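Chemist: Pasting a predicted model and its sequence here:
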Amino acid sequence: MNNLDVQAFNVRLSLCTDKPPVIVREVVAAPGHGIAAVGFGLALAAQTLASDPRGALLLWVREAAATTETGDAYGPGLAGFGLSPDCILIVETRTHLEALRAALEGARCEALGAVVVETMAPIDLTASRRLKLAAEKSGVAIVLVRLGGQSVPNAAQVRWRVQAAPEVAKPDGTRCAAFELAVLKSTTGFDGRSGIVEWDHERLCFAQTLSLPVDALSGIGPMAA
Amino acid sequence: MVFVAKTKNILHLVGVGPRARSLGLQSGMTLADARARIPGLRAVTADPSADAVFIEHLADLALAVTPSVALDPPDGLALDITGCSHLFGGETALAARLRDVLRTAGVSVAKLAVASTPDMARALARFSRTTPCFADDNSLVRELPVAALESTQEDTTALKRAGLKTIADVANRPSLLFTARFTPAFTTKLARVLGEEDRRISPLRKPAPYRAEQRIPEPVTSHDAISGILAELSATVSDRLTTHGLGGRLFEGTFLRADGAVRRIRIETSRPTRNPDVIMRLYRDRLDGLSDPLDPGFGFDMICFEAVQVEPYTESQATLDAHHDRKEKIAQLVDRLTVMLGRERVMRLRPVNSHIPERAQSVAPAALVATSREWANLPPSSDSRLRPALIYARPHPIEVEARSDDALTGFRWRRVTHRVAQVTGPERIAEEWWRTPLGYGTRDYYRVENSDGRRFWIFRAEAPADGERDRWFLHGLFL
């Protein structure tokens, strides 16, 4: 937290300027912060869905172990987070392998907007590469959410480590979820930077907190001013 | 060896093995009598339900010769072989094939009879001395004893007392006499046994009109060959569906193995489908995902494919309507996932009108509910951020530390102590008195943020009657 104030970046980077476009993003939970990783992953997906005017769907693949850890999806709360349960398809799988297969089916389906894969164990290079190739063809955004395990090299183009940050109260009294991110890997050379972003569940975009102007956590997408 | 069952508190023989039969035992004797004759007799209690299961298995096997198989109680099978015998080169060859098939299942004493009506065949199978027995007319059946009419014990005795020993004796007399003496059912039965009146059997599985089958002279073992045959069959079935403007919702593949094992594999789709490529893709997924894979063993010698459940199929100009195209693609995705994981694991959330948090949503299989705008149409709540995005189906009990009555300082969940930084609440949620109590009474919910910034939804259950201690639970997590 201490070094955050020196990281005031002026560069504003978005998905659109990333070349090649970011298809596979990975969110790694800081120890004990699985729920924050899930939240940030879903927020990324919600942002992707919002940018799709056709009203696309989100496929949320959850491993049984992950469900025990973080609980069952709850519609009213998801709606409050900015993700309407109308556009979520939830798949619960018994094993890691099944989760990968289900995610791959999703990655092949052009009618989806995003696939969020929530697993305990890391997804290895072969599996993530397969997902990436399928998603390149179909245009589906892939978000891998890893709740535990050791880091392994994989095909994710951007990787963050996420932990929860205190909620931010907005002037009108509503509160926004906030996440503390550390960029572990990026396409634009922001590795190692960290900062706090808040999720604006009404406008469905990330905004920066007032205190910590971290503007360039690559791969998040367009930020609110 | 004999099988026994208890009737009126006496053990009777109900089934007699070949060896016991040669020693003079008959079914219907009491076990005591039988034991008196043969002291070393092995008696086993009969299990009618297991018998029924076995006979149904035999009925499945009999599908190898005809699609129309019915149970013939108590222990027979009736096969409608109209139009089937020429496939095997005559009735004799068909009977031989059936014997082979049944022998693989361990049935060696099966009695076979071929006749023009089911009742005649039944009488011949059960009472004729020759087996297999082929009857072209009713001459063979006329020689059978009157017991073959299977009327009641008194009727049979009455006929015997009147000197009528064989069916011919009865048939040669005017039927009016018997109608007057016995019941009209008796004369009907007589006519049926004599082949003068026909009766349709009601097959176990009605031959589906959308069914294709392939007999394979040289049993196939390779998966490629099997899926090749399936692809041809599904193309045939979908052609037929197309002709009738239908699509299948439920497809079944039946695999008959050379050694008599039968395997059925079903796939279900969320909307009527008749595109053979889509069907085959689902089938391949299903075969890959089976926990006990399709084991070809010594090879399959027959493969059937049928559309069990069909529904009208509405054609759509998919290319012109992008929205419809997307819906179609989503439905296909749901089908594939459902086939892979099972219906209960591919879900959608639906709103339910209840203020109890765990009852405010229901989880429905995605294969059964179409995409809709159920949540968007809900009236907007005052602050939906007050609900967590993830909840535990069963709230986890936690231990709380509080300074005074209303100031929480920390709580212990999953062996970790969390320091409370901020508390919002309480929000009081009462039980729905008109429904089964959930055991928590009126709950006071608090939204708690810990020192790391993680947010929890915890509640205090209504204090128990003796007022000892508050019970606290953790119900959900905020994102």
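Modeler: Yep, that arrived.
Chemist: Would you map the helices across chain A?
Modeler: A:34-50, A:64-70, A:75-81, A:96-108, A:125-138 (DSSP state H).
Chemist: Might you report the residue contacts of B:Ala162?
Modeler: With contact taken as Cβ atoms under 8 Å, 6 or more residues apart in numbering or on different chains, B:Ala162 is in contact with no other residue. C-beta here means a position set from N, CA and C on the backbone, and glycine is covered the same way.
Chemist: Then B:Ile81?
Modeler: B:Ile81 neighbours (Cβ under 8 Å, 6+ apart): B:65-66, B:91, B:94, B:114.
Chemist: Spatially nearest residue to residue 194 (excluding sequence neighbours)?
Modeler: Using chain A here. Leaving out its chain neighbours, the residue that sits closest to A:Ser194 by Cβ to Cβ, 6 or more residues apart in numbering or on different chains is A:Ala182, at 3.9 Å.
Chemist: Correction: the question concerned chain B.
Modeler: Closest to B:Leu194 by Cβ to Cβ, 6+ apart is B:Asn138, at 4.8 Å.
Chemist: and that neighbour, what is it in contact with?
Modeler: Per Cβ under 8 Å, 6+ apart, neighbours of B:Asn138: B:120, B:194-196.
Chemist: Now, those residues that are in helices?
Modeler: B:Met120.
Chemist: which phi and psi does B:Arg173 have?
Modeler: phi -100, psi 160 (degrees, to the nearest 10).
Chemist: Would you quantify the distance from it to B:Glu197?
Modeler: 18 Å (Cβ to Cβ, to the nearest Å).
Chemist: okay, these two: which has more neighbours?
Modeler: Neighbour comparison, B:Arg173 and B:Glu197: the larger count goes to B:Glu197, with 14 against 11 (by other Cβ atoms under 10 Å in any protein chain shown).
Chemist: coming back round to it: mind putting the contacts of B:Asn138 into CSV with neighbour count and distance to B:His323?
Modeler: Below are the contacts of B:Asn138 laid out as CSV (neighbours: other Cβ atoms under 10 Å in any protein chain shown; distance: Cβ to Cβ, whole Å):
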residue, neighbour count, distance to B:His323
B:Met120, 25, 62
B:Leu194, 22, 67
B:Gly195, 17, 63
B:Glu196, 15, 64
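Chemist: Reformat the contacts of B:Asn138 as JSON lines; add distance to B:Pro276.
Modeler: Listed next are the contacts of B:Asn138 as JSON lines, based on distance: Cβ to Cβ, whole Å:
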{"residue": "B:Met120", "distance to B:Pro276": "43"}
{"residue": "B:Leu194", "distance to B:Pro276": "49"}
{"residue": "B:Gly195", "distance to B:Pro276": "44"}
{"residue": "B:Glu196", "distance to B:Pro276": "47"}
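Chemist: Which of the contacts of B:Asn138 lies at the shortest distance from chain A?
Modeler: B:Met120 (55.0 Å; Cβ to the nearest Cβ).
Chemist: got a list of what the residue lying closest to that closest one once chain neighbours are set aside touches?
Modeler: The shortest distance from B:Met120 to any non-neighbouring residue, by Cβ to Cβ, 6+ apart, is to B:Gly195 (4.9 Å). Applying Cβ under 8 Å, 6+ apart to B:Gly195 gives the contacts B:115-117, B:120, B:137-138, B:141.
Chemist: who wins for neighbours among those residues?
Modeler: B:Val141 (28 neighbours).
Chemist: what residues are up against it?
Modeler: Applying Cβ under 8 Å, 6+ apart, the residues near B:Val141 are B:115, B:120, B:123-124, B:135, B:148, B:167, B:193-195.
Chemist: and the strand or helix carrying it, C-alpha only, in PDB?
Modeler: Using DSSP states H and E, B:Val141 sits in helix B:139-142. What follows is helix B:139-142, C-alpha atoms only, in PDB (Å, rounded to 0.1, in the frame of the first residue of the first chain):
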ATOM      1  CA  SER B 139     -54.300 -78.800 -36.000                       C
ATOM      2  CA  LEU B 140     -51.400 -78.900 -33.500                       C
ATOM      3  CA  VAL B 141     -53.300 -76.800 -30.900                       C
ATOM      4  CA  ARG B 142     -56.300 -79.100 -31.100                       C
END
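Chemist: Could you list the buried residues of that helix?
Modeler: B:140-142 (16 or more other Cβ atoms under 10 Å in any protein chain shown).
Chemist: Tell me the confidence at the closest residue to B:Asn450 other than its chain neighbours?
Modeler: Computed as Cβ to Cβ, 6+ apart, the closest residue to B:Asn450 that is not its neighbour in sequence is B:His418, at 4.1 Å. With respect to pLDDT, B:His418 has a value of 90.
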